[in-house]
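S.K.: model the following, please.
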Amino acid sequence: MSWFRRYRLGPLLGLVLLVLILSITSQQFLTVSNLLDVLLQTSVNALLAIGMTFVILTAGIDLSVGSTLALTSALAAEWMVGGTNPWLAGIAALCIGGVAGAFNGVLVAYARLAPFIVTLGTMTLFRGLTEIYTNGQPIFNLPNSFNGLGNGSILKIPVPVWITIVMFFIAWAVLSRTVAGRRIYAIGGNEKVAYLAGVRAKRYLVAVYVVSGILAALAGLILTSRLATAEPTAGNGYELDAITAVVLGGTSLFGGEGTLVGTIIGALILGVIDNGLNLLNVSSFYQDAVKGLVILIAIMLDRKKSDGR
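M.R.: You can find the predicted model right below:
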């Protein structure tokens, strides 16, 4: 079965099996409207997971994406309520997401602190700043012109799905078709060897966290538009979903190995599980238990794969 491992068909097979099971157990699952709902619900996590893939490929981790999402969306929402053009508010939010990512990256690359510790700290810091800025209250009355980002559609496909597709192809091109992409993989494989080969590892480490921060901010804008409100608790726990999607898709937590195609498949697996359990009227408590089990399985599979190298 070497060809099976070579082409990383495991995640795809898992997704196909899930779809088959749910199509049998629920008549609603394979309807066009429900499948579009799955794609729409998956789009936010997929964007976070794309950014997380860049980070994990360098053997890093970004636990702050959920808090970055909340902070940037709260800032953008408050600016829009105050009369700022939604486009300008959105661009500013993306820039702040990039700055938040750069803050993580500098601490990891130049202060040589462990990514887990750094982003655990900034996760709490950014969440606290969000609570302070919003006084713990949601922000309402967003302009109608902002609604299209999360609720609009093009050719009957939701706008967030199109955005995710575009971001995927851009990210895929960077990782698969550029020197920068090859160097990101090299850093994850062995940072010291990459440095000796002339790769400026520190700059690339900062860059991947910037990418993660920008995509977290973009996901936050989409989520805020969909809900028509900015919640200070938005994105709580989203970092775990993003990490799970990346690992389910075959990217190693130890860095240097993985694909964005696998990440998208991993995000779809989580989206299908959530949707299927809702269709089957499974209690939310059981849904959390299932998701936790999926996380453990993903980590065990990643460990087994790394031990087998």
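
S.K.: apart from its neighbours in sequence, what residue is nearest Arg226?
M.R.: Gly150 (3.3 Å; C-beta to C-beta, 6 or more residues apart in numbering). For glycine as for every other residue, the C-beta is placed from the backbone atoms N, C-alpha and C.

S.K.: give me the phi and psi for the one you found.
M.R.: phi -100, psi -20 (degrees, to the nearest 10).

S.K.: kindly report the same for Gly136.
M.R.: Dihedral angles for Gly136 - degrees, to the nearest 10 - are phi 70, psi 10.

S.K.: quick one: contacts for the closest residue to it other than its chain neighbours?
M.R.: The spatial neighbour of Gly136 that comes closest, neighbours along the chain excluded (C-beta to C-beta, 6+ apart), is Pro232 at 5.6 Å. Contact partners of Pro232, counting by C-beta atoms under 8 Å, 6 or more residues apart in numbering, are 70, 74, 130-131, 134, 136-138.

S.K.: right, and out of the residues you listed, which lies closest to Pro11?
M.R.: Nearest to Pro11 among the contacts of Pro232 is Ala70, at 28.9 Å by C-beta to C-beta.

S.K.: now do the SS call for Leu63.
M.R.: Put simply, Leu63 is coil when judged by DSSP: H, G, I helix; E, B strand; the rest coil.

S.K.: in the one helix or strand Leu35 maps to, what's buried?
M.R.: Here Leu35 sits within helix 32-57, counting by DSSP states H and E. Neighbour-count burial for helix 32-57, counted by 16 or more other C-beta atoms under 10 Å, picks out 34, 37-57.

S.K.: chain center to it: distance?
M.R.: Here helix 32-57 is found 7 Å from its chain centre; the criterion is C-alpha atoms, centre = their mean, to the nearest Å.

S.K.: I'd assumed Glu257 was in contact with Val246.
M.R.: No: here Val246 does not reach Glu257: they are 11.4 Å apart, not a contact under C-beta atoms under 8 Å.

S.K.: more neighbours: which of those two?
M.R.: Val246 (31 against 19; other C-beta atoms under 10 Å).

S.K.: the host helix or strand of Leu296 packs against which elements?
M.R.: Using DSSP H and E, Leu296 falls within helix 284-307. Using 3 or more C-beta pairs under 8 Å, 6 or more residues apart in numbering; DSSP states H and E, the elements in contact with helix 284-307 are helix 238-248, helix 260-279.

S.K.: most centrally placed residue in this protein?
M.R.: The structure's the chain has its C-alpha centroid closest to Leu48; by C-alpha atoms, centre = their mean the separation is 1.5 Å.

S.K.: burial of the residue nearest to it when sequence neighbours are not counted, as a residue count?
M.R.: What sits nearest to Leu48 in space, not counting adjacent residues and going by C-beta to C-beta, 6+ apart, is Ala242, at 3.9 Å. Using other C-beta under 10 Å, Ala242 has 35 other residues around it.

S.K.: which residues touch Ala242?
M.R.: Applying C-beta under 8 Å, 6+ apart, the residues contacting Ala242 are 45, 48-49, 51-52, 65.

S.K.: ok, of those, which one's closest to Leu215?
M.R.: Gly51 (3.6 Å).

S.K.: thought the closest one was touching Thr68?
M.R.: No: under the criterion of C-beta under 8 Å, Gly51 makes no contact with Thr68, lying 9.6 Å away.

S.K.: with that, I have no additional questions.
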